[in-house]
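Enquirer: Sequence first, then the predicted structure:
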Amino acid sequence: MDWQPDEQGLQQVLQLLKDSQSPNTATQRVVQDKLKQLNQFPDFNNYLIFVLTRLKSEDEPTRSLSGLILKNNVKAHYQSFPPPVADFIKQECLNNIGDASSLIRATIGILITTIASKGELQMWPELLPQLCNLLNSEDYNTCEGAFGALQKICEDSSELLDSDALNRPLNIMIPKFLQFFKHCSPKIRSHAIACVNQFIMDRAQALMDNIDTFIEHLFALAVDEDPEVRKNVCRALVMLLEVRIDRLIPHMHSIIQYMLQRTQDHDENVALEACEFWLTLAEQPICKEVLSSHLVQLIPILVNGMKYSEIDIILLKGDVEEDEAVPDSEQDIKPRFHKSRTVTLPHEEERPEDPEDPEEDDDDDDDTLSDWNLRKCSAAALDVLANVFREELLPHLLPLLKGLLFHPEWVIKESGILVLGAIAEGCMQGMVPYLPELIPHLIQCLSDKKALVRSIACWTLSRYAHWVVSQPPDMHLKPLMTELLKRILDGNKRVQEAACSAFATLEEEACTELVPYLSFILDTLVFAFGKYQHKNLLILYDAIGTLADSVGHHLNQPEYIQKLMPPLIQKWNELKDEDKDLFPLLECLSSVATALQSGFLPYCEPVYQRCVTLVQKTLAQAMMYNQHPDQYEAPDKDFMIVALDLLSGLAEGLGGQVEQLVARSNIMTLLFQCMQDTMPEVRQSSFALLGDLTKACFMHVKPCIAEFMPILGTNLNPEFISVCNNATWAIGEICMQMGAEMQPYVQMVLNNLVEIINRPNTPKTLLENTGRLTSPSAIPAITIGRLGYVCPQEVAPMLQQFIRPWCTSLRNIRDNEEKDSAFRGICMMIGVNPGGVVQDFIFFCDAVASWVSPKDDLRDMFYKILHGFKDQVGEENWQQFSEQFPPLLKERLAAFYGV
């Protein structure tokens, strides 16, 4: 006999479901308590499924809600459902998946996939066969319901379905789904494609075996009248482009023609899926070859997609010009993530900062529509294609641009400015001849009467900042800076934000070129403090921090300090310790402290104390949480990371003057704990601080060395590249202070360092976030050199194992203190073990030649080694040996060292 509800119990559950739809918060609280009570009764879940599947007399929202509460129960404690309850629920789901209401079918589908994802696919062997069987039903509702459930299972458990654990059901399911591509109902066709699409990216074997049928069926649906079907076809083709391009190449011409049409589909969701195709194609090696002849059609389509749609303008309040007095709502403010401090080395040729991925910054002005949309996707596609085709794109673009940039309608003009910004990186060379005319026009657009035009002009100008700075300052830099500063004080919040971000980019490019205008810049930024709402304040901190990084010690003038510090300190005092707005403010102060050096002294004590407190609080909270995770919340460790980074900034800026602060605090004890934190970013920042304190006040670090060194040694793990980098740098700084006393610790770290420097696949740069390419093993090389400088007897025997990568990684580093100490070390090691360098001597010669002006005594060391080697092998052998040198190397060695 089937389970039957008790009438009184049923009424109670129904009343609860009705109450839970009430907007009143007090009622909601009562409902939550009541739910907790009812969950004590095992068969409460039977009532919930009964309302969902059997009580057809109730209204649909109530039945659906009953199913959703049951779904949450399944998620939370399905394991403790008694078997009869679990079986009743499963049976009811399968018996009612064809309910007449699409809302109820969808709810049952969600419930089925939730049960399946609780490890129940193995425990519910009849589920997939029964659902697949129901697909054959003559009844539309049953077929659609079963497909809906299958689609959700494919989304949630795609890996499991393609594994031996379930005896590979996909071998049956994929061919089955493919049959339904020709079904008469568009909803079913759409489900069928969506199911198969789940298995493309993982290259499921069952799909690969049917790949040609799949592609044929997709082509047959290309002109389907249903937008959802077209969207799924486009999505499938985009994914196939990534994983099975070999199968698409024979049809590429017609696929491109199809995607050109779909990118203009009147349904924006279809157009957006199709537009992704160009983004993906740009990453394929064959892009240039297959797309060149279609650019003439594609470029106008992408450009057209970059206009704001009417709905965008409504959502962006495009007609609101002044809103600076309107406070921000909290959900407008995106969470910020702090980038931990990374140690960097100056590189031979400074490269301009790489803009972030095109996806991230191709359209900074659109934050309110942070959802991906056709405009953003078109702009991103144009950006990546500009990087593929470079100047070849311009003949298709320039004729269009002229019409757009000077168009009387602001929406069209705005899209033209966005186009100009999107191609900046890829087409820069080809654009240079037009910039002297375009930049003044863009600067003029900064005072356009439409806020959305002003904000996009800020962004586009920032994309050309590198060129602006390369011209004489009075030509473009000064007018651009003057106008941008006015926009920072714009009456529109979106413009303020775009101007602040653009100004930060300009600061990075212009660096000390801004020094003459500092007074004027600071007046504007400080004035903005009193004017900005919450969200833009956070961006303003960034602009101030970047200014400090860019002009450095030039900021250390009494009049500048007087302007800048009071508003910063006022904010600092207003914010509570648990306020996340501290992050950007601490980052900003860290840059300011480093730049002001001794100028920061009057402010350093409270700032230092608070940082120590933040670290201490976070550690204490983490300890409580680890001991009683049920009673305490996990702390947000970003507070600690940002505080450690500001302490680094203080140590770097104040140098020896930080000593008294360190003496009066327990920072070394806290640092010992932070260096062993489970979170890599915490360790990364602790090692940076350790290195800075080692340079500033070693007397406080020295007593801890015996405890610290083993921890540094275990963190020389290139899996966490930035942690490894900072630990390596700290070891090098410790060497320079310890001298010969470093000897007991050499073996703890040397083997790991040699292994790191010899890794073939060290990423392109250890310094991912600096945008400057530095040879990957430069920091390990410097530390090995420094170890050899203080303990040559211990390190020299391994010379042969690292000399070649050592030389190649340091040849591109500019002359500086760190390079100097490392080369002294290598020279001393060669003195101890000359045989270790013989086989790779040409690399040593090349590294020596990379010095522009070594100190005299270092030059003498080089001279002795080069001449010693020459004398050792004899004139004739030296001649043969030096024949291998590139001409430039020969010249430099002859000129500097007479060899």
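Expert: Structure received. Numbers count the residues shown, from 1 in each chain.
Enquirer: Report the contact partners of residue 616.
Expert: 666, 670 (Cβ atoms under 8 Å, 6 or more residues apart in numbering). The way it works is simple: take the backbone N, C-alpha and C, and place the C-beta from them, glycine included.
Enquirer: What strand or helix carries it?
Expert: Taking DSSP states H and E as the definition, residue 616 sits inside helix 601-627.
Enquirer: Give the buried residues for that helix.
Expert: 603-604, 607-608, 610-612, 614-619, 621-622 (16 or more other Cβ atoms under 10 Å).
Enquirer: Check the offset of that helix from the chain's centre.
Expert: 27 Å (Cα atoms, centre = their mean, to the nearest Å).
Enquirer: helices or strands up against the helix or strand following that helix?
Expert: Elements were assigned by DSSP H and E; along the chain past helix 601-627, the next helix or strand is helix 638-654. Of the remaining helices and strands, those touching helix 638-654 by 3 or more Cβ pairs under 8 Å, 6 or more residues apart in numbering; DSSP states H and E are helix 582-596, helix 601-627, helix 667-674, helix 680-696.
Enquirer: Mind exporting the C-alpha coordinates of stretch 839-853 to PDB?
Expert: Taking Å, rounded to 0.1, in the frame of the first residue of the first chain, the C-alpha atoms of stretch 839-853 are listed here in PDB:
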ATOM      1  CA  GLN A 839      82.400  24.000 -20.200                       C
ATOM      2  CA  ASP A 840      80.000  27.000 -20.100                       C
ATOM      3  CA  PHE A 841      82.600  29.800 -20.200                       C
ATOM      4  CA  ILE A 842      81.000  31.400 -23.300                       C
ATOM      5  CA  PHE A 843      77.800  32.000 -21.200                       C
ATOM      6  CA  PHE A 844      79.900  33.600 -18.400                       C
ATOM      7  CA  CYS A 845      81.500  35.900 -21.000                       C
ATOM      8  CA  ASP A 846      78.100  36.900 -22.300                       C
ATOM      9  CA  ALA A 847      76.800  37.600 -18.800                       C
ATOM     10  CA  VAL A 848      79.900  39.800 -18.000                       C
ATOM     11  CA  ALA A 849      79.400  41.700 -21.200                       C
ATOM     12  CA  SER A 850      75.800  42.600 -20.100                       C
ATOM     13  CA  TRP A 851      77.300  45.000 -17.500                       C
ATOM     14  CA  VAL A 852      77.200  48.600 -18.600                       C
ATOM     15  CA  SER A 853      79.300  50.100 -15.700                       C
END
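Enquirer: which parts of it are buried?
Expert: Buried-residue list, stretch 839-853, by 16+ other Cβ under 10 Å: 840, 841, 842, 843, 844, 845, 846, 847, 848, 849, 850, 851.
Enquirer: Can you pick out the ones from these that are in strands?
Expert: Residues of the buried residues of stretch 839-853 located in strands (DSSP state E): none.
Enquirer: just curious, which of these is nearest to residue 481?
Expert: residue 850 (36.6 Å; Cβ to Cβ).
Enquirer: circling back: in terms of distance to residue 146, which of the buried residues of helix 601-627 ranks first?
Expert: Of all those, residue 146 sits closest to residue 622, with 48.4 Å by Cβ to Cβ.
Enquirer: residue contacts, that closest one?
Expert: 634, 635, 637, 677.
Enquirer: switch to 7 Å and redo it
Expert: residue 635 (Cβ atoms under 7 Å, 6 or more residues apart in numbering).
Enquirer: Could you do residue 94 as well?
Expert: So residue 94 contacts residue 130 (Cβ under 7 Å, 6+ apart).
Enquirer: Any regions of the chain where pLDDT drops low?
Expert: 1, 120, 331-339, 344-370, 761-777 (pLDDT under 70).
Enquirer: swap the cut-off to 80 and go again
Expert: Along the chain, the model assigns pLDDT under 80 to residues 1-3, 42, 119-122, 163-167, 317-321, 325, 329-371, 760-777.
Enquirer: Going along the chain, name the strands of it.
Expert: Using DSSP E, strands in the chain do not occur.
Enquirer: Would you map out the domains in it?
Expert: 1-156, 740-898 (the TED database).
Enquirer: what's the span of the longest one from first residue to last?
Expert: It refers to domain 740-898. Start-to-end span of domain 740-898 (Cα to Cα, to the nearest Å) is 34 Å.
Enquirer: One more: stretch 126-139?
Expert: Termini of stretch 126-139 sit 21 Å apart (Cα to Cα).
Enquirer: In that stretch, which residues are buried?
Expert: 127, 128, 130, 131, 132, 134, 135.
Enquirer: which residues are contacting that stretch?
Expert: With Cβ under 7 Å, 6+ apart, stretch 126-139 has contacts from 94, 97-98, 116, 121, 142-143, 146-147, 149-150, 169, 172-173, 176, 180.
Enquirer: Can I get the buried residues of stretch 126-139 in JSON lines including distance to residue 286?
Expert: Converted to JSON lines, the buried residues of stretch 126-139 look like this (distance: Cβ to Cβ, whole Å):
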{"residue": "127", "distance to residue 286": "42"}
{"residue": "128", "distance to residue 286": "38"}
{"residue": "130", "distance to residue 286": "44"}
{"residue": "131", "distance to residue 286": "40"}
{"residue": "132", "distance to residue 286": "38"}
{"residue": "134", "distance to residue 286": "43"}
{"residue": "135", "distance to residue 286": "38"}
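Enquirer: quick one: which of these is nearest to residue 204?
Expert: For those, the nearest to residue 204 is residue 128 (14.7 Å; Cβ to Cβ).
Enquirer: where's the closest one relative to residue 298, distance?
Expert: When distance is defined by Cβ to Cβ, to the nearest Å, residue 128 is 42 Å away from residue 298.
Enquirer: Any quick PyMOL command for the buried ones out of the contacts of stretch 126-139?
Expert: Remark: buried members of those, expressed as a PyMOL selection using 16+ other Cβ under 10 Å:
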select buried, resi 94+97+98+116+121+142+143+146+147+149+150+169+173+176+180
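Enquirer: Helices - which of the contacts of stretch 126-139 land there?
Expert: Taking DSSP state H as the definition of helices, the contacts of stretch 126-139 contribute 94, 121, 142, 143, 146, 147, 149, 150, 172, 173, 176.
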